[in-house]
Structures are given as structure tokens and as C-alpha cells.
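Student: Please find the sequence and the predicted model below.
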Amino acid sequence: MIENTKFNAAILIIGNEILSGRTQDTNTSTLATWLNSLGVKVGEVRVIPDVEETIVSSVNLLRKNYNYVFTSGGIGPTHDDITSESVSKAFNLPYEKHEEGYKILEAYYKSGEFNDGRQKMIWMPRGANLILNPTSGAPGFYVENVFVLPGVPSILKSMLGGIKNKIVGGNPIISHTISLRTFESHIADSLTDVQNKYQDVEIGSYPFFQAGKLGVSIVMRSDDQNLINKCSSDVMSFVNDKKIEVVERD
């Protein structure tokens, strides 16, 4: 691994049910947390409908701009599950039955249960590599740097362990949070000074409402623990000078 090399990824959430509000997206959080632990920074997240042209254009744009692309959703057995075929078109590859995937599902289902709808789940781009599914059998797949995963959160999460060794990352991204009983306007100038001093640390401030009182969480992120420590020390310096109550640190 090359020291200090930065690796990034994009997440593509696919599904009309997310855009309509019927289903809440939790896969972004799952994927981003997992990728951060591998030293891969998520640079972009898109939520798009089950529209072939949109999927194809999004996959082609993102795979050229990021080290990795992770898609979620649209690989089930129903008519609107078009992600696999769309990814085939993005790579200009034939869309066909994956023989190994077929054998996996044929063995997974009881006799007579492996119907046409379920067989649709093993149609993929030619030459796709399988991502095994320990929860419900139906595999995902990857082609080059594009990893295609299901939309069901528990199933997606269970499949990540099977591709960990396929991801090359940098140093794990560390996060440290200091939650304060204050207002953003009260710390804005001081926080800007700290950010200007530590430009290799990503600093964010996020208001919260807890126990009937307002507060602000300051989140510092970097792959360098020493920088996090120094940055945190400077934040605590102005916090103490301003006599601001610290609610929590983690």
C-alpha cells in the first residue's frame, strides 16, 4: 500500500421507493461507516429512480471519477428491478445468466421454488464477479470498480464482509466529536480559526436539541490521530476560554 494515498468512493442509491419517502435510506450510513473504517472516503452520494438511462449515465460518470462505486437497490425479482441490466449497458457488456449464480440459487431454494422471477436475480453482465449473500442466497456482483448490492439494509450489511478483501484503502478515517451546550454563532469565528490551522482535518458543526436545550456537536475527521488530537486540544482551548459546557466527548 502506498503511504498517504487517498482512496474515495461514491454511493448510488437506486429506487423510486426512496425518492417517494415510502422507504428510509439507511444503506448510505452503513456503507459510509464501513468504507471509512477501510480508509476510503465517500465523496458523493446520489439517490436516483429506477430509470435505465439515469442509472447508466450515473454509473458511467461515477466510475470514472471515483476509485469505487457502490450501488444499492434494484437487483430483486420484480419488473422494476433493472439495476443489473443497466450496469451491463453502462459497461457495454452482454446481459446474461450467470452460471455460478444459477447453481447457488438452484441449491438454495426448495424444489419448485426457483421460479422465473427468482431466476431473474442471477442475470448479470457477462464476466461479473459474484458477491455472496449469506442472508437470503441471491448474490450481488461487481464489474471492475462498480459493486452492485441489494437494497434491503440487513442483507446489504451481511454481504460487506465478502468484499472487504477487494477494497484497497488508506489509513482508517478517525472521527472525534465534542458536543457543547452553545450556539453555532457563539463559536463560529473560533472554529474557523481552528479549521484554517488544521486544513487536513475535516471539521463540521451540527446543531442538536436534547433535553429541551440547544447544543452544537463539533465533529473532526482525519486519517491522522495526531492531527485529531491537536485539533481537539485547540477546540477545547477556546471552549474553556468561553466557559462553554461540554455535554459529551467521543
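Tutor: Thanks, I have it.

Student: Name the SS class of the residue nearest to the spatial centre of the chain, please.
Tutor: By C-alpha atoms, centre = their mean, the chain has its centre lying nearest to residue 31, at 3.0 Å. With DSSP: H, G, I helix; E, B strand; the rest coil as the basis, residue 31 sits in helix.

Student: What's the first helix or strand after the lengthiest helix in the chain?
Tutor: Ranked by residue count under DSSP state H, the longest helix found in the chain is helix 225-241. Downstream of helix 225-241, the first helix or strand assigned by DSSP states H and E is strand 245-249.

Student: Just want the angle from that following strand to helix 225-241.
Tutor: 160 degrees (axes from the mean of the first three to the mean of the last three C-alpha atoms, to 10 degrees).

Student: what's the neighbour count on residue 191?
Tutor: Burial of residue 191 is recorded as 19 neighbouring residues (other C-beta atoms under 10 Å). Using the backbone N, CA and C atoms, a C-beta is placed for each residue, glycine as well.

Student: residue contacts, it?
Tutor: By C-beta atoms under 8 Å, 6 or more residues apart in numbering, residue 191 lies in contact with 203, 205, 218, 235.

Student: Give me the buried entries from these.
Tutor: Buried members of the contacts of residue 191, counted by 16 or more other C-beta atoms under 10 Å: 203, 218, 235.

Student: how about the helix or strand of the chain with the lowest mean pLDDT: buried residues?
Tutor: Within the chain, no helix or strand scores below helix 116-119, which has a mean of 88 by mean pLDDT, DSSP states H and E. Neighbour counts using 16+ other C-beta under 10 Å place 118, 119 of helix 116-119 among the buried residues.

Student: can you give me the helices in this protein?
Tutor: For the chain, the helices defined by DSSP H occupy 16-19, 27-37, 52-65, 83-90, 99-108, 116-119, 153-159, 184-197, 225-241.

Student: pLDDT (mean, whole number) over the first one?
Tutor: This means helix 16-19. In this model, helix 16-19 has a mean pLDDT of 95.

Student: Please apply the same query to the last one.
Tutor: Per-region confidence: helix 225-241 scores 96 on mean pLDDT.

Student: what's around residue 29, how many residues?
Tutor: Number of residues near residue 29 (other C-beta under 10 Å) recorded here: 11.

Student: how close does it get to residue 136?
Tutor: Separation of residue 29 from residue 136 (C-beta to C-beta, to the nearest Å) stands at 21 Å.

Student: again with residue 178
Tutor: Distance, residue 178 to residue 136, by C-beta to C-beta: 41 Å.

Student: could you point out where this structure is predicted with low confidence?
Tutor: Applying pLDDT under 70 to the chain picks out residues 1-5.

Student: Show me the domain layout of it.
Tutor: For the chain, the structural domains run 7-166, 174-249, going by automatic domain parsing.

Student: Now do the end-to-end distance for the longest one.
Tutor: Which is domain 7-166. 13 Å (C-alpha to C-alpha, to the nearest Å).

Student: Stretch 242-250 too?
Tutor: Start-to-end span of stretch 242-250 (C-alpha to C-alpha) is 21 Å.
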